[in-house]
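Visitor: The sequence and its predicted three-dimensional model are supplied below.
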Amino acid sequence: FAVRIPAGKQAADAIATKHGFINKGQIGALDDYYLFQHHHVSKRSLRSSGKHQKALNAESAVEWMQQQHEKV
């Protein structure tokens, strides 16, 4: 999941932990954008994970998120 959290790395880490994700760190040179990985969702999954998307979207600190998945 690519996630934008302007509140910074500590907030990103807390949100990731709260929902069972691992914050893999900032995405390149994009300030406030982080890569989250969840062990129940395979990398570049063919299916969207509505449960995980809903959890992240419910967080007020998350301004934007998108699950990365393979195009079919």
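Guide: Yep, that arrived.
Visitor: Can you tell me which helices and strands the helix ranked longest in the chain packs against?
Guide: Longest helix in the chain, counting residues (DSSP state H): helix 9-18. Under the contact criterion of 3 or more CB pairs under 8 Å, 6 or more residues apart in numbering; DSSP states H and E, helix 9-18 touches strand 21-26, strand 33-38. C-beta coordinates here come from the backbone N, C-alpha and C atoms, glycine included.
Visitor: partners of the last one, with directions?
Guide: Translated: strand 33-38. strand 2-4 (antiparallel), strand 21-26 (antiparallel) (DSSP bridges).
Visitor: buried stuff in the shortest one?
Guide: By neighbour count, with 16 or more other CB atoms under 10 Å as the criterion, the buried positions of strand 2-4 are 3-4.
Visitor: that older thread, how about the strands paired with strand 33-38 in a markdown table, adding distance to Gln37 and mean pLDDT?
Guide: Below are the strands paired with strand 33-38 laid out as a markdown table (distance: least, CB to CB, whole Å; pLDDT from 0 to 100):
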| stretch | distance to Gln37 | mean pLDDT |
| --- | --- | --- |
| strand 2-4 | 11 | 97 |
| strand 21-26 | 5 | 96 |
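Visitor: and of these, who's closest to Ala61?
Guide: Ranking the strands paired with strand 33-38 by proximity to Ala61 (CB to CB) places strand 2-4 first, at 9.5 Å.
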